[in-house]
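Provide a 3D model corresponding to the input given below.
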Amino acid sequence: MISNGHFTFSTKIEDKPAKKPFEDEFYSLDKFNWLIHLQHVTGGIQTCKFLISKEIERSKGRNEFALFKQGEIFCEEEKFQEALESFQACLRLNPNNADYLKEVAKCLFAMKRYKLAMEVYLEAERFLNHPDWHVYYYLGQCLLKLGDMHKAQEYAQKAVQVGKHELCYELLIKILMLQNEIKSAVAVSNAAVESCPDSVSMLTESGLLFLKIGQNEFSFERLSSALALEPTHTKALLAIGCIIQKHEDYDVALSKYKMAIHYQPDSIALWNNIGVCFYAKQKYVAAISCLKRALWLDPLNWRVLFNLGLCHLATIQPASAFNYACAAVNLRPDIADSFTILGVTLLELKDPDNAVKAFRLALSLCPDDVYIVVNMALCCVLLGSEKEAIGLMERYGRLMENNTVYTNELIYLADQLIAYLSLHDTNKEICDVSVCEGDIKTQAEYSKLETEE
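Residues are numbered from 1 along each chain as shown. So this is what the prediction gives:
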C-alpha cells in the first residue's frame with residue numbers, strides 16, 4: 001500500500017482465501033475426470049487413487065467415472081472383489097449401461113463364478129446397441145467352463161463373425177479340438193491366418209494343428225513364418241524343435257530348445273523334450289537330469305514319468321524304472337504305452353507273470369502295436385506258453401506286411417523268438433522272416449515328446 005508517498009506493509013489479508021477445489025458447493029460431476037484419467041494412463045496410480053477418493057467423497061458416491069476408474073485399478077491389482085463392488089456401484093447409478101455389466105461379468109469370470117458371469121453377460125447383450133465380440137467371446141468361455149460345448153461353439157462362431165480377432169479364433173479352435181473336429185479346426189486356423197497374417201500366435205496355432213494331423217511340411221512352413229516375425233516365440237521354437245527331433249536331427253533340435261529355454265526356463269514341455277533328445281543321443285545322465293527338472297515343475301506329468309522310466313531302463317535300474325512306470329500307469333491307464341513300459345520293466349525284474357498281464361492290458365488298448373506283440377510273445381515263451389507265443393508271432397508277421405519301418409532291435413528280438421519257436425514246433429511255419437542267432441532280449445524303444453504346455 002502507498003500512504004503519503006510511502007510504502008506501508010500489512011500482514012493482514014483482506015481477501016478471502018480461495019476455496020479448495022473439493023469444497024465447492026456447486027460443481028459439475030465431471031470437473032476432475034480428465035485429471036483422474038490423465039493420472040491413470042500416465043502411471044500416477046497413487047495420485048489417481050487420491051483424486052478418486054476425494055471425488056467419490058465430494059459427490060457422495062455419485063461420480064460414475066471415478067467409481068469406474070477405481071474398479072479398473074482394482075482389476076489391474078487383481079483385487080477382483082473390490083473391483084466388483086466398484087462396478088456394482090456404477091450399475092446402481094446407471095443400471096442399463098452395458099459397459100458396466102460387462103465389467104461386472106469380467107470380475108465374476110476372474111473369480112471363477114462362471115454361471116453368474118454368463119447371466120450378467122446375457123443381460124449385457126440385451127442392452128447392446130450393436131453386436132460386441134467381447135460379450136460373445138466371454139459367453140463362449142463361460143459355457144466352455146460349464147461344459148456346454150455346443151452353445152460355447154455357437155457363441156465362439158458369433159465372436160469370430162463380429163470381431164475376427166485372434167482371441168476369438170483361438171477359442172473356436174480350442175472348442176473344436178476338444179470335440180475332436182480336427183479338420184474343422186484346421187479350416188478355422190487357415191481362415192485365422194488369412195484374417196490375421198501377422199499374428200504370431202495364429203501362425204503357431206496353425207502349425208501345431210498341421211503337426212497333429214501329420215502334415216509336417218505345412219507345419220514347418222507356418223512355424224517358420226511365426227519365428228520370422230518373432231524369433232524368440234517359445235511355443236513356435238518348441239514345435240519346430242519337435243519336428244526336427246522327429247527327423248532325428250537332435251543337435252539342431254537341442255539348439256532350438258536351448259534358445260527357447262532361455263526365455264521360458266520353467267517350461268515342462270521344453271525340459272521333457274531336451275531330456276528325450278539326450279536319451280536318443282545315449283547321454284542318459286543328462287537326460288535324467290533334464291527330466292527330473294521337468295518332474296519337479298510338474299510331478300503329475302505322465303509323459304515325464306514315462307520317459308524317466310525309459311532312461312532308468314537304459315541305465316539298468318529296473319527297480320527305479322518300475323516306480324516311474326507305475327506312476328505313469330496310475331495317471332493315464334488309458335495309454336497303451338504306459339502298460340508296455342511297465343511290462344518291459346517287470347520282465348527286467350524277472351516277473352513274467354505280471355509282465356504278461358501288463359502286456360495284455362496294453363494289447364487291449366492298442367491291438368496293432370508290433371512292440372507290444374513281440375514283447376508279450378517273449379513273456380509267453382518265458383512262461384512256457386509257446387502256443388500263445390506262436391499265435392502272437394503270426395500276428396507280428398501280418399503286421400509287418402504293412403512295410404512300416406521298425407527299429408533293428410525289435411526285428412532282432414522277433415527273429416530270435418521265431419528261431420526259438422521253430423525249434424520247438426518244426427511242423428508249424430510261423431513267419432517268413434530271417435532268423436538271427438543270439439540271446440533273447442527285451443525291447444522297448446518309445447519316447448514321448450510334448451509340442452505344447
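
Tell me how far the spatially closest residue to residue 294 that is not a sequence neighbour lies from residue 416.
Across the structure, with Cβ to Cβ, 6 or more residues apart in numbering as the measure, the residue nearest residue 294 apart from its sequence neighbours is residue 271 (3.8 Å). (Glycine included, C-beta is placed from N, CA and C.) With the distance defined as Cβ to Cβ, to the nearest Å, residue 271 ends up 37 Å from residue 416.

Comparing those two, which shows the higher neighbour count?
Using other Cβ atoms under 10 Å as the criterion, residue 271 and residue 416 rank with residue 271 on top: 25 against 20.

how about the helix or strand hosting that one: buried residues?
Element membership of residue 271 [criterion: DSSP states H and E] is helix 268-280. For helix 268-280, the neighbour count (16 or more other Cβ atoms under 10 Å) marks 268-279 as buried.

lowest average confidence, helix or strand, in the protein?
Confidence across the helices and strands of the chain bottoms out at strand 6-7, with a mean of 44, counting by mean pLDDT, DSSP states H and E.

Downstream of that one, the next helix or strand is which one?
With DSSP H and E, the next secondary element past strand 6-7 is helix 33-41.

Which elements pack onto the helix or strand that comes right after that next one?
With elements assigned by DSSP H and E, the helix or strand that comes after helix 33-41 is helix 45-58. Secondary structure elements in contact with helix 45-58, counted by 3 or more Cβ pairs under 8 Å, 6 or more residues apart in numbering; DSSP states H and E, are helix 33-41, helix 64-76.

which of these is buried the deepest?
helix 64-76 (a mean of 21; mean count of other Cβ atoms under 10 Å).

helices and strands around that one, which ones?
Here helix 64-76 touches helix 33-41, helix 45-58, helix 80-93, helix 98-110, going by 3+ Cβ pairs under 8 Å, 6+ apart.

Tell me which of the ones you listed is the most buried.
Ranked by mean neighbour count under mean count of other Cβ under 10 Å, those are led by helix 98-110, which reaches a mean of 22.

so for whatever helix or strand residue 413 lives in, what's the average pLDDT?
Per DSSP H and E, residue 413 falls inside helix 408-424. Per-residue confidence for helix 408-424 averages out to 78 on the pLDDT scale.

from the chain's centre, how far out does it sit?
Put simply, helix 408-424 sits 43 Å off its chain's centre (Cα atoms, centre = their mean, to the nearest Å).

For it, buried residues please.
By neighbour count on 16+ other Cβ under 10 Å, the buried set for helix 408-424 is 410-411, 413-422.

thinking again about what came up before, which pLDDT does the model give the residue nearest to residue 294?
94.

next one: residue 30
With respect to pLDDT, residue 30 has a value of 72.

Name all residues that make contact with it.
Applying Cβ atoms under 8 Å, 6 or more residues apart in numbering, one finds that residue 30 lies in contact with 63, 65.

Look up how far residue 295 lies from it.
For residue 30, the distance to residue 295 - Cβ to Cβ - is 57 Å.

measure the nearest residue to residue 277 once chain neighbours are set aside to residue 233 for me?
In space, residue 277 comes closest to residue 250 once its chain neighbours are excluded; the distance is 4.7 Å by Cβ to Cβ, 6+ apart. Note on residue 250: its distance to residue 233, by Cβ to Cβ, is 22 Å.

Looking at these two, which is more packed in?
More crowded of residue 250 and residue 233, by other Cβ under 10 Å: residue 233, with 21 against 18.

How about the more buried one, nearest residue that isn't a chain neighbour?
When the adjacent residues along the chain are set aside, residue 233 lies closest to residue 200, with 5.4 Å between them (Cβ to Cβ, 6+ apart).

Do I have it right that that neighbour meets residue 223?
No. Here residue 200 lies out of contact with residue 223, judged by Cβ atoms under 8 Å, at a distance of 10.2 Å.

Which one of those two is surrounded by more residues?
With neighbours defined as other Cβ under 10 Å, residue 200 and residue 223 compare such that residue 223 has more, 27 against 18.

Show me where the stretch 301-450 of the chain has its helices.
Per DSSP state H, counting those that start in this stretch, the stretch 301-450 of the chain carries helices over the ranges 302-314, 318-331, 336-348, 352-365, 370-383, 386-400, 408-424.

can you redo the ones you listed as CSV with distance to residue 126?
Supplementary listing: the helices of the stretch 301-450 of the chain in CSV, determined by distance: least, Cβ to Cβ, whole Å:
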stretch, distance to residue 126
helix 302-314, 46
helix 318-331, 45
helix 336-348, 50
helix 352-365, 50
helix 370-383, 57
helix 386-400, 60
helix 408-424, 64
